[in-house]
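[1] Can you look at this prediction? I've put the sequence above it.
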Amino acid sequence: MNREEEAAIIARVLDGDTDAFEPLVTANQSFVYNIALKMLSNPDDAFDVSQETFVKAFRSLKDFKGESSFSSWLYRIAANKCLDLMRKNKKRQVVSIVYPDEDNESRMLELPDARFNPETELERRELRQAINDALDSLPHDQRSILLLRELNGMSYAEIGEALRLEAGTVKSRLFRARANLAKILRESGTFFGK
């Protein structure tokens, strides 16, 4: 589906034809599910996030400006939904230790995961914020392609298919995105080096 077709469908949906949204779902459901599955590594969570992504897209369709492809916009919604779920699940992590009691019976002790102590978490949060700020300052096309490759681990071919780009264009945009991100992070003092 090309951008003109997407724009026509979106206009129909915004004019009240809610059934017109179905072709957008059909055209993008595998793409959204695969993004969620790669990020979450859990088919059930990926399915739930896919559903939430399309509900959010439908409710927010008036905010879609058409500056990027509809699939890129969906990607951003799906990635944010995945990150929200990962953050939520991370807060509940514990380490289980099985130990024998005085009667030699196995007992389980659940302890908070020490990897998430306040100091470490603060450092991670500051680093994440610096990286997010740097990502936000990248041009949209560079940010999208970088997230697809680095966060989702998508191949060049998969990115090309998702964004409707040739493999060479994907590689050159990814190179520029990485270089720009590194430059921004160096200039902010977050990272040092060449």
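    That came through fine.
[2] okay, CA-based contacts and neighbour counts for the rest of this
    Fine.
[3] Considering helices and strands only, name the one in the chain with the lowest mean pLDDT.
    Lowest by mean pLDDT, DSSP states H and E among the helices and strands of the chain is strand 94-100, with a mean of 54.
[4] what's the neighbour count on Tyr33?
    21 (other Cα atoms under 10 Å).
[5] my guess is it is in a helix, correct?
    Yes: counting by DSSP: H, G, I helix; E, B strand; the rest coil, Tyr33 is part of a helix.
[6] what's the closest non-adjacent residue to it?
    Ser50 (5.4 Å; Cα to Cα, 6 or more residues apart in numbering).
[7] Would you mind measuring from that neighbour to Glu67?
    22 Å (Cα to Cα, to the nearest Å).
[8] Just want to know which of these two has more residues nearby.
    Comparing Ser50 with Glu67 by neighbour count (other Cα under 10 Å), the higher total belongs to Ser50, at 28 against 10.
[9] What pLDDT is listed against the more buried one?
    Per-residue pLDDT puts Ser50 at 94.
[10] Can you report phi and psi for it?
    With angles defined as degrees, to the nearest 10, Ser50 sits at phi -60, psi -50.
[11] ok, it - contacts?
    Residues in contact with Ser50 (Cα atoms under 8 Å, 6 or more residues apart in numbering) are Gln29, Val32, Tyr33, Ala36, Ala78.
[12] try 10 Å this time
    By Cα atoms under 10 Å, 6 or more residues apart in numbering, the contact set of Ser50 is 25, 28-37, 44, 56, 74, 77-78, 81-82.
[13] Just the buried ones from those residues?
    Buried members of the contacts of Ser50, counted by 16 or more other Cα atoms under 10 Å: 25, 28-29, 31-37, 74, 77-78, 81-82.
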